[in-house]
Structure formats: structure tokens, C-alpha cells
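**Student:** Kindly generate the corresponding structure for this input.
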Amino acid sequence: MFSIGCVGWGDEKPPLDPRKMSETQQNALSLDGRFQILMDKPLPELNSPGGAAYAASMKSDLTQDMFAIICSREYLPRIEFVQSMRTVDTGSNFRLREGGVVPWPAQNASYFTLVYEKPMSERYWTSLDDVHSPVSEDVLNQLFIIPMVKALLEFQRIGFMHGGIRPTNIFWRAGGSTPPQFGEALSCPAGVGQPIAFETIERGMCQPLARGTGTHVDDCYAFGMTLAMIITGVNPFRGMDDDTIIRHKMEKGSFNAATGSKRLSSKQIELLRGLLTDDPHHRWDAADMEQWLGGRKITSKSSDAARKASRHIEVGGKTYWQAKTLAKGMADNVAESVKLIENGTLEKWLTRSLADTVKAKDIAEIIESTRDGGGKHAHYQDQLVAKVCIVLDNASPIRYRNLSVTPWGISTLLAHSLAARETLQILSEIISGKFVTLWVNMQRESKVDYVPMAQQMERMHSLLERGAYGEGLERVLYEINPYIPCLSPMLRSYCVLSTRHILPVLEQVAVTGSHPSEPMDRHMAAYIVARERRSEAIFVAMGPSETPLRRGLALLSLYGEMQYRYGPERLPRVAAWLMPLLEPCIARYLSKPFQDKIRRQAAEAATKGALSQLLRLIDDPARVTGDEQDFLEARLMYLKIQREIASIQQEMTDANKMAVEYGRPVAASIASLLAIIFITMTLARAALSALG
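**Tutor:** Reported below is the predicted structural model:
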């Protein structure tokens with residue numbers, strides 16, 4: 001069972017040194033309840049560029065010798081290949097037993113972990129600088145190439161590019177009975193940790209994270225370079241820096257650069273020529289090697305990739321005879337290259353010296369299309385040279401503003417850049433400048449294979465122009481990286497691989513107390529939109545320019561729905577986190593006593609962690625309507641009283657009128673009363689006199 005949950009992720013590296021851990025931290029960590037990782041037993045000899053190695057075992061069978069790679073937070077593991085790699089068991093690759101999440105309670109985090117069966121031999125080469133004894137042809141063919149080709153065929157079957165084939169990542173004892181094994185390759189992106197010598201010219205021009213996933217024939221190239229070193233016993237590029245290696249390959253061709261003047265058999269020459277051809281369309285794959293091993297002769301097709309001009313052209317003080325090497329020279333000397341392009345020198349060289357009218361025509365069209373309305377815009381020179389370089393060398397990466405990236409590498413590099421806040425503007429300009437579309441259009445032989453990629457990048461261009469929550473570079477990141485975890489800073493220690501895990505992780509984040517005022521940011525919004533394909537309207541309401549009332553209701557509505565769909569039933573800490581944001585929603589009720597009542601009810605609902613109930617309390621249409629109706633009636637009564645008071649006050653301003661209107665009746669009443677009293681007294685006195 002392949003377990004996917006939350007993966008440790010962040011800017012800092014995990015403290016995996018057991019010498020710095022407490023005794024409680026040194027206890028075995030558990031993966032899926034079936035495997036245990038012994039953190040007090042590191043295996044540095046099995047370390048990978050993507051993480052540190054530790055002893056591991058299966059709880060149900062302690063006799064099986066295993067090890068685990070705990071993936072560093074510096075790179076994203078290749079989670080998308082874990083399921084398929086568990087099915088590969090050729091004996092010539094590390095057998096993957098499980099991949100998933102290992103909770104680390106002491107760190108309040110989790111780390112993605114890969115559990116493998118331990119290799120049967122030690123690392124073949126420990127250094128590329130050492131000189132080794134050449135291996136005989138028979139031993140190499142029977143005990144090395146045949147088992148390795150089986151593994152490569154399996155990689156090709158599942159669409160997996162290893163990206164780390166080299167003598168120092170192969171485990172074998174030359175001439176031994178155990179088969180060689182390819183080392184670990186899932187803990188980091190393809191190409192990370194891979195020396196340029198084993199990368200094709202195009203991939204070698206890029207920084208490791210910009211190389212992209214690559215293809216099967218890129219692995220075959222690395223295998224061919226590995227074979228060349230094993231056959232000769234030496235690394236032909238010792239002491240060279242990366243630029244020198246690339247130029248050496250460009251000028252001589254990879255086969256000649258790898259073999260030099262070494263004497264090889266005709267069979268070895270045939271094999272290495274097929275694997276190290278610099279034209280990927282003519283390079284051998286694993287199936288070709290299998291046929292070669294069976295004795296079938298495969299003629300390597302010729303290519304004009306290294307065609308030389310009749311006259312050279314000069315850029316940056318260096319002379320160039322080939323379009324491929326010229327493209328690299330122009331990318332390194334932008335200002336000088338612009339002059340060569342605009343004054344027509346480049347077109348003349350292509351037409352007259354290289355006899356390539358197609359490239360000359362393409363460059364003329366690019367000059368016109370790169371101008372903005374007839375004028376020169378910002379980064380015009382960089383864009384012009386980058387596009388011209390794509391025409392000159394259509395297999396090369398996109399080289400723009402000192403960044404070199406393959407079309408496939410944009411996704412991986414963007415993930416790293418958004419976490420590290422580096423090269424974002426350049427990547428944005430590459431996408432908006434439609435460099436990928438041009439690159440695809442230049443792939444004349446296999447353009448149809450790359451059209452979906454160009455169409456995807458066209459869609460990403462439209463997303464970049466939107467600034468709302470759920471859009472922009474963050475949205476592009478999750479659209480072109482379907483397996484990437486959510487990179488929200490709030491989830492620094494928990495890499496969420498599914499939207500259903502967002503609320504449980506936020507509940508854990510809320511425990512720490514050190515969190516932003518709102519449990520939402522651009523990363524989470526973009527992640528939810530991309531993964532669930534929901535409407536962007538609710539995220540527009542969460543934007544900073546919206547009213548606090550709309551933002552609070554939108555956020556509570558979204559999380560209430562997610563809790564209803566995915567659970568858990570109780571989210572008291574998330575509810576408490578949301579309560580301050582809901583105050584404007586409560587304050588919109590006009591009755592102060594009713595506000596107090598809503599606050600008490602909302603506090604009770606928050607304690608239960610029921611977000612849907614909380615939403616119904618503060619956003620009940622019947623309550624809102626009733627409150628507004630009561631307020632209207634109270635306002636009408638108030639106005640009536642005010643009118644009566646005003647009328648009385650107006651009347652009291654006329655004293656004479658008041659005296660006449662109110663004095664006469666009062667005086668008459670008093671006089672009548674006095675008259676009655678006098679008459680009564682007179683009658684009483686008369687009666688007394690009569691009796692007396």
C-alpha cells in the first residue's frame with residue numbers, strides 16, 4: 001500500500017544528526033505501521049543527494065536488510081513515481097518497498113521517507129577523480145551491460161527517467177557474481193547531484209533544478225558516458241570546470257570527448273556512438289541496446305547537428321563555426337549579439353557560410369515580432385537574443401537573463417523559486433514571453449509531441465495576468481506540478497498532498513499559536529483551485545481589497561464546506577482562529593442585545609469545532625432579515641416620537657398663545673370651582689343659622 005499524507009517541507013534542513021537528538025528522539029520512527037527507521041543507526045555510505053540514509057526493517061520480518069532515505073526539505077521527492085517504482089524488481093535497481101510519511105512528534109512535523117532493500121554490493125566508484133582498472137569486454141557485456149539494460153527497459157516501460165546514472169551511483173563489485181544495481185533516484189528531482197559530464201549538452205547548460213524530468217534517451221546518454229569511463233578506467237573530464245566540459249562536448253561531440261584517443265573495439269565503438277550521439281532523435285534507447293546485445297547490427301544515423309560553416313563568426317572575442325556553439329556564445333554576450341542580429345551580420349552568416357536559409361528566415365521574423373509596436377521595450381535585448389538562440393540551437397534550453405532552463409525544468413525551478421523567493425520575475429517573463437511556444441515550434445521533427453506542453457504554457461500566460469487569490473504564479477505552480485505539495489508558509493512543516501489534509505494540518509498549526517491572523521494565503525487558495533477545479537469567485541471575495549465582512553464569510557463558507565466533505569467533525573482550534581475574522585459579520589446585526597446573543601452562540605459552536613454550524617449562526621438569512629425588520633420598526637417608532645416632541649417644542653415657543661389656549665380654560669375651571677365653594681359655604685352657614 002502506498003501511503004501519501006503530509007510531507008515535511010520548509011527552508012531549513014531537518015536535524016537528522018542522531019548525535020544532536022535527545023534520547024526520546026532516537027526511538028525508531030514508524031512508516032505506515034509496517035516499517036521502522038532506526039534513527040540511531042545512520043548509513044552514510046548510502047546517503048543520497050535528496051536525503052540521509054538510516055537502517056530500517058520490516059516489523060513483520062526483521063531478517064530483511066533494509067535502509068531508509070529520509071528526504072531533506074531542500075528538495076521535493078519524486079512522489080509521482082513511487083507507486084510505479086514499487087513494481088520494478090529486476091535485481092539491477094534498488095528495490096523500493098515503500099514510500100510515505102513518517103511522523104516525527106519531537107519535531108512537530110513529518111518527513112517523506114523511502115524504504116529500500118539494501119544493495120548487495122558496495123558503491124562501485126567512490127570518486128570520479130580516481131583511476132580504475134579497465135574491465136574486460138566480456139565481463140562488461142555479460143555481468144554489467146546485460147543486467148543494466150534490463151533495468152533500463154523497465155524504467156522505459158513505466159516512463160521513469162532515473163536522472164542519476166553514473167559510476168558513483170552504481171553498486172557493484174567488478175567481476176562479482178551479484179548483478180550491478182542503479183542507486184536511489186526518487187528522493188530529489190532528476191539531475192540534482194548529477195555531474196555535468198553525465199548530462200547531455202542541453203541539460204548540462206542548466207542548473208540542476210532547471211534540467212527538468214528529462215527522457216529515457218537522456219538516461220541512455222548517462223549510461224553511455226558511464227560505460228565510456230568504465231571501459232577506459234578514467235574520467236576524461238577530470239580537472240575541467242562545467243563550461244569547459246560543455247564547450248569540449250560541443251566542439252568535439254560527446255563520443256569523441258568521452259573516448260578521446262583511447263583504443264576501443266569495434267563493438268564498443270558502435271555501442272558508445274549510439275548512446276553518445278548528441279542528437280536525441282538518433283540516440284540509442286534500451287531497446288536498441290537489447291538488439292545490439294543480441295548481435296543485431298544497428299547503424300547510427302548521421303546528423304547535421306555538428307555541421308560547420310565555411311567561414312567563422314566572432315562573438316565575445318571567440319570564433320564560432322557551428323550554430324550550436326554560436327548560440328551559447330551569443331547567450332553569454334547579449335549586448336554584442338544584439339548588434340550582430342540587428343545589422344544583418346548573423347543572417348548573412350547563416351545564409352552564405354552555413355547555407356541555412358530556414359534559420360535566417362526564422363530570425364528575420366523574430367526580429368519583427370520581438371519589437372513592441374515598432375519600439376524597443378524593457379528587456380528587449382534579452383528577449384531577442386534568447387529567441388534567436390532557440391532558432392540557432394532548437395535542442396538547447398531557454399537561455400534568458402542568465403537563466404538557462406529546459407521547458408520541462410520550468411515546473412521544478414518554479415517550485416524551488418517560490419519557496420526561496422528567487423528568479424521569480426525571470427520565470428514569469430519566460431512564461432509571459434511565450435518562449436516555450438517558440439521552442440516547440442522550432443522542433444520540426446517532433447513538434448507534434450510537444451504541442452500539449454505549448455498549449456499548457458499558453459494557458460499559464462493568462463493566469464499570470466490575474467492578481468486575485470487563486471491566480472498568478474502560485475496558480476501556475478500547481479497547474480504545471482500536479483503532484484507538488486502545497487507550499488504555503490503556514491504549512492512549512494507539513495507538505496499537504498491533498499486538499500482533504502488542509503484542515504487537519506491547520507488544526508495542528510493552530511496549536512502552536514505562532515500563525516498569521518488569517519488561515520489562508522495565496523498558496524492555499526491557488527492549491528485548492530487547481531486541485532478541486534472550483535470557481536475562483538469565492539477566492540476573489542477573500543482578496544485584501546475586499547471588505548472584512550466579505551472576506552470572513554468567504555473563508556468560513558469555504559472551510560465549512562471542506563469540513564463537511566472531508567472532515568474531521570471537530571475543528572475547535574481552527575474555529576477559534578476564525579472567530580476574530582467573523583466579528584464584522586456579527587457586528588452587522590443592528591440589535592446590540594442580539595449581537596451579544598450571536599456572540600455567545602458562536603463561541604459555543606466554535607468550542608464544538610463545527611464550522612458549518614458557525615456559518616449558519618452568523619449568516620442566517622432569516623435572522624438577518626428579521627433583525628433588519630425589527631430595526632426598521634424601531635426606527636419608525638423613533639421618528640414618530642421625535643415628530644411629537646418637535647411639535648410640542650414648537651408650540652411651547654409662543655407664550656401668549658399658550659396662555660390664551662391653556663389659561664382661559666384653567667381660569668374658568670378655577671373660578672367655577674371657587675364659586676361652587678363659596679355657594680356651598682353660604683348655604684352651609686344659612687343652614688346653621690336656621691338651626692340655631
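
**Student:** What's the local residue count around L424?
**Tutor:** Using other Cβ atoms under 10 Å, L424 is surrounded by 13 other residues. Just so you know, the C-beta spots here come from the backbone N, C-alpha and C atoms, and that holds for glycine as well.

**Student:** Please verify my assumption that it contacts A415.
**Tutor:** No. The pair L424 / A415 is not scored as a contact, 11.4 Å apart, by Cβ atoms under 8 Å.

**Student:** Please, which helix or strand holds the nearest residue to E479 once chain neighbours are set aside?
**Tutor:** Excluding its sequence neighbours, the residue lying closest to E479 (Cβ to Cβ, 6 or more residues apart in numbering) is A530, at 5.3 Å. Using DSSP states H and E, A530 sits in helix 522-532.

**Student:** elements contacting the helix or strand following that helix?
**Tutor:** Once helix 522-532 ends, the next helix or strand along the chain (criterion: DSSP H and E) is helix 537-540. On a contact count with 3 or more Cβ pairs under 8 Å, 6 or more residues apart in numbering; DSSP states H and E, helix 537-540 meets helix 522-532, helix 548-566.

**Student:** tell me which residues in the shortest one are buried?
**Tutor:** By neighbour count with 16 or more other Cβ atoms under 10 Å, helix 522-532 contains the buried residues R522, H523, M524, A525, A526, Y527, I528, V529, A530, R531.

**Student:** Compute the inter-axis angle for that helix and helix 548-566.
**Tutor:** 40 degrees (axes from the mean of the first three to the mean of the last three Cα atoms, to 10 degrees).

**Student:** Can I get helix 522-532 in PDB? Just the C-alpha atoms.
**Tutor:** The C-alpha trace of helix 522-532 is given here as PDB (Å, rounded to 0.1, in the frame of the first residue of the first chain):
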ATOM      1  CA  ARG A 522      -2.200  32.900  -1.900                       C
ATOM      2  CA  HIS A 523      -0.600  29.400  -2.000                       C
ATOM      3  CA  MET A 524      -3.500  27.700  -0.300                       C
ATOM      4  CA  ALA A 525      -6.100  29.500  -2.500                       C
ATOM      5  CA  ALA A 526      -4.200  28.500  -5.700                       C
ATOM      6  CA  TYR A 527      -3.700  24.900  -4.400                       C
ATOM      7  CA  ILE A 528      -7.400  24.500  -3.700                       C
ATOM      8  CA  VAL A 529      -8.500  26.000  -7.100                       C
ATOM      9  CA  ALA A 530      -6.000  23.900  -9.000                       C
ATOM     10  CA  ARG A 531      -6.800  20.600  -7.300                       C
ATOM     11  CA  GLU A 532     -10.500  20.900  -6.900                       C
END
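
**Student:** Next, report how far it is displaced from the centre of its chain.
**Tutor:** Distance of helix 522-532 from its chain centroid, counting by Cα atoms, centre = their mean, to the nearest Å, is 11 Å.

**Student:** about what we covered before: which strands and helices lie in contact with the helix holding A530?
**Tutor:** Counting by 3+ Cβ pairs under 8 Å, 6+ apart, helix 522-532 packs on helix 472-480, helix 502-512, helix 537-540.
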